[in-house]
Structure formats: C-alpha cells, structure tokens
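**Q** got a sequence here, can you build the structure:
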Amino acid sequence: MVGTAKALVLWGSLVHLFATAAGLSACPGEGGCKPTTAATRRRLLATTPLLVGATATTSVAAASAKEAPPVVATDRNGVEVTEARWVKQRLAEGTRPDLVLGLDGEPYYLGVESSAGEDGELTYRVGSVALKAECTHLGCLVDVVPGQTSFSCPCHGSQYAADGTVTRGPAPRALGLAKVVVLDDGKVAFTKWVGEDPRKAA
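**A** As a prediction, this is how the structure comes out:
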C-alpha cells in the first residue's frame, strides 16, 4: 500500500508538472484541470515527451556516475583468483603472465610484480594492472612469447612489449588496461581503467 501511495503521489506530481509546462492553471474545483482548447492539448502532448526524456537522461547520467563494483577474476578452470595462489603459480612458471577472465567476461593477462626490501629480498605480489588479451588490429587473442613476458599475435604478426605497448605492427595501439585490486578476502578483482594511460608518458 505504501508503494502504491508513493506511486500515486509521483504520478500526480508529474501530471501537475506537465500541466504547468503546458500553460494550464491549477484549475481547482470538481472539474479538475482540463485543457480548454485543442491547441492546449497539443501543447501538453508535445511537452510530455520532452519532460520524460529529460528525466530519463538525468537518471542514466546519475547511474553512469556511480563507479562499477570490482569484478573478481577467474582462472582457466573458472576458479576465482586469489593473490597468494596466483603469485605461487606464476613464480613456478618464471613469473610469466597467464590468462584470466575479467571485465565483461573478457580474457586478460595477469602477471606479478616484485619489490626489494631493505635486506634486498624480493617480495612478490599480483600485478597492479592487467592487459586485455585482444590484439588491437583485428581482435585475435595474443599469446605470451615462449620464455618471455612479451606478447605476439598469431594472426598477423603484431608484437607487444611486456607492458602491452606495440613493438611491431600492424596493431595500431597498445593492449587495453584494467586496474587490479586485491579485496579484503585476498581475491583478485578488476575495475575499469580511468584516466590517462601511464604508458604514454614512458
């Protein structure tokens, strides 16, 4: 009942808004607010879609402004990726990146990063960015070059450095990026890359 009452109030407000925009008065009394001429009715009908469209546009813009939640990556077996397990697996294979499914269910390459402590010992963690595995030429799936961390396209020979920048065409631009975050439970998740591409300043 509460939901129905709110809907009726909202509808009444919209009707009043449309009537005001069409140049109608409040028209108190038993007869209510009625268009008095055909021209007024046409004006009301012409105004209604504009107001509805403006309301819809505002709602879409507000929804777009909200940041999408992180998407947990899954490995080749459909298992959710955790940082501890991913780092262990990558170190066992010489830190080579491997495929995971990320944003929109698309394949990405995810690797590991390292930093040295004061004693010189290396600490490994999941990479802070992931590279979309789709060649920017015609969309083929790129491969990791054997024994390296660079990439090559099996379709037309494009090659990419470890950071996804093009080292040989015909690919017109670098591989796409996704931001990598580690959630409180240790799971690895992706969010859309926002802002400048850091590789352009390198």
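
**Q** ok, which stretches of the chain are strands?
**A** 71-72, 98-101, 107-110, 112-116, 122-126, 129-132, 143-144, 151-152, 159-160, 166-168, 177-182, 188-192 (DSSP state E).

**Q** take these and lay them out in CSV including distance to P198 and mean pLDDT.
**A** All C-beta atoms are positioned from the backbone trio N, CA, C, and that covers glycine. Below are those laid out as CSV (distance: least, CB to CB, whole Å; pLDDT from 0 to 100):
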stretch, distance to P198, mean pLDDT
strand 71-72, 21, 97
strand 98-101, 21, 97
strand 107-110, 17, 98
strand 112-116, 14, 92
strand 122-126, 17, 94
strand 129-132, 8, 98
strand 143-144, 21, 96
strand 151-152, 18, 98
strand 159-160, 16, 98
strand 166-168, 16, 97
strand 177-182, 8, 97
strand 188-192, 15, 97
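
**Q** got these as TSV, with distance to K200 columns?
**A** Formatted as TSV, the strands of the chain follow (distance: least, CB to CB, whole Å):
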stretch	distance to K200
strand 71-72	25
strand 98-101	25
strand 107-110	20
strand 112-116	20
strand 122-126	24
strand 129-132	14
strand 143-144	23
strand 151-152	19
strand 159-160	15
strand 166-168	12
strand 177-182	11
strand 188-192	18
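
**Q** need these in JSON lines (columns: mean neighbour count and distance to E80).
**A** JSON lines is the format used below for the strands of the chain (neighbours: other CB atoms under 10 Å; distance: least, CB to CB, whole Å):
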{"stretch": "strand 71-72", "mean neighbour count": "18", "distance to E80": "5"}
{"stretch": "strand 98-101", "mean neighbour count": "19", "distance to E80": "10"}
{"stretch": "strand 107-110", "mean neighbour count": "22", "distance to E80": "13"}
{"stretch": "strand 112-116", "mean neighbour count": "12", "distance to E80": "17"}
{"stretch": "strand 122-126", "mean neighbour count": "14", "distance to E80": "13"}
{"stretch": "strand 129-132", "mean neighbour count": "22", "distance to E80": "15"}
{"stretch": "strand 143-144", "mean neighbour count": "17", "distance to E80": "22"}
{"stretch": "strand 151-152", "mean neighbour count": "21", "distance to E80": "24"}
{"stretch": "strand 159-160", "mean neighbour count": "19", "distance to E80": "27"}
{"stretch": "strand 166-168", "mean neighbour count": "14", "distance to E80": "32"}
{"stretch": "strand 177-182", "mean neighbour count": "19", "distance to E80": "12"}
{"stretch": "strand 188-192", "mean neighbour count": "20", "distance to E80": "8"}
